[in-house]
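K.L.:
Structure of the sequence below:
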Amino acid sequence: KAVLDVINSANSVFSRNLVEFRNQFEKIQVHAVQADWLSLIEANLDDTTPQVLAYLCDRLLENGALDVLTIAAQMKKGRAGHLLQVLAPVDRAEMLSQLIFQESTSIGVRRHSARRTILDRSTVHVQTAYGAVHVKVSAVNGKVVTYTPEFEDCARLARQMHVPLKAVQTAAIQAYLAAP
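P.N.:
Numbers count the residues shown, from 1 in each chain. Next comes the predicted model:
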């Protein structure tokens, strides 16, 4: 009987550990470290309204740009303008350049090659008093360096629960830090 009790106890511990392992594994989606070449497309834009610039940025992102950045700039003859920077996969650079010509006042673009390195990334699901939130986690050599609650999750919960956005964000960070 004593041997049977030890075996049953060991099976019980093993089962609990297996369930815990599965739960931890299922809540984390891991993305591998990547280093690759991208295209950096730049254009100087003047005579462009903020609304047109925002529309252009949205269209670039909808069509495969990885990131879009605008920087206020002083153009020749003291005119106000913007520097547009678009980070894109190499195979989308030509199409995105054509989109810039179609949707803006630009008469030329510059393209550069850019080497990109990405940290190990994962998404962890945490439960807060307001609801579930995804937390993006980045690591270097297995050591966590950043953790950020998903903005859209936090904004949705803040609206639903009629609480400040920062309250939901804080709760998500606290839930992430409290997790084993």
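K.L.:
Run through the bridge partners of the residue positioned nearest the centre of the chain.
P.N.:
The centroid of the chain falls nearest to Lys136 when counting by CA atoms, centre = their mean (7.4 Å). Taking DSSP bridges as the rule, Lys136 bridges to Thr123, Thr148.
K.L.:
isn't it right up against Val144?
P.N.:
No. With contact defined as CB atoms under 8 Å, Lys136 does not count as touching Val144 (11.0 Å). C-betas here are computed from N, CA, C, even on glycine.
K.L.:
quick one, what contacts the residue nearest to the centre of the chain?
P.N.:
Taking CB atoms under 8 Å, 6 or more residues apart in numbering as the contact definition, Lys136 lies against Arg121, Ser122, Thr123, Thr146, Tyr147, Thr148, Pro149, Glu150.
K.L.:
what about the fifth one, how many neighbours?
P.N.:
Tyr147 has 17 neighbouring residues, counting by other CB atoms under 10 Å.
K.L.:
Once you drop chain neighbours, what's closest to it?
P.N.:
Spatial nearest neighbour of Tyr147, excluding adjacent residues (CB to CB, 6 or more residues apart in numbering): Val137 at 4.9 Å.
K.L.:
Surely that neighbour touches Val126?
P.N.:
No. Here Val137 does not reach Val126: they are 10.6 Å apart, not a contact under CB under 8 Å.
K.L.:
Sounds good, over and out.
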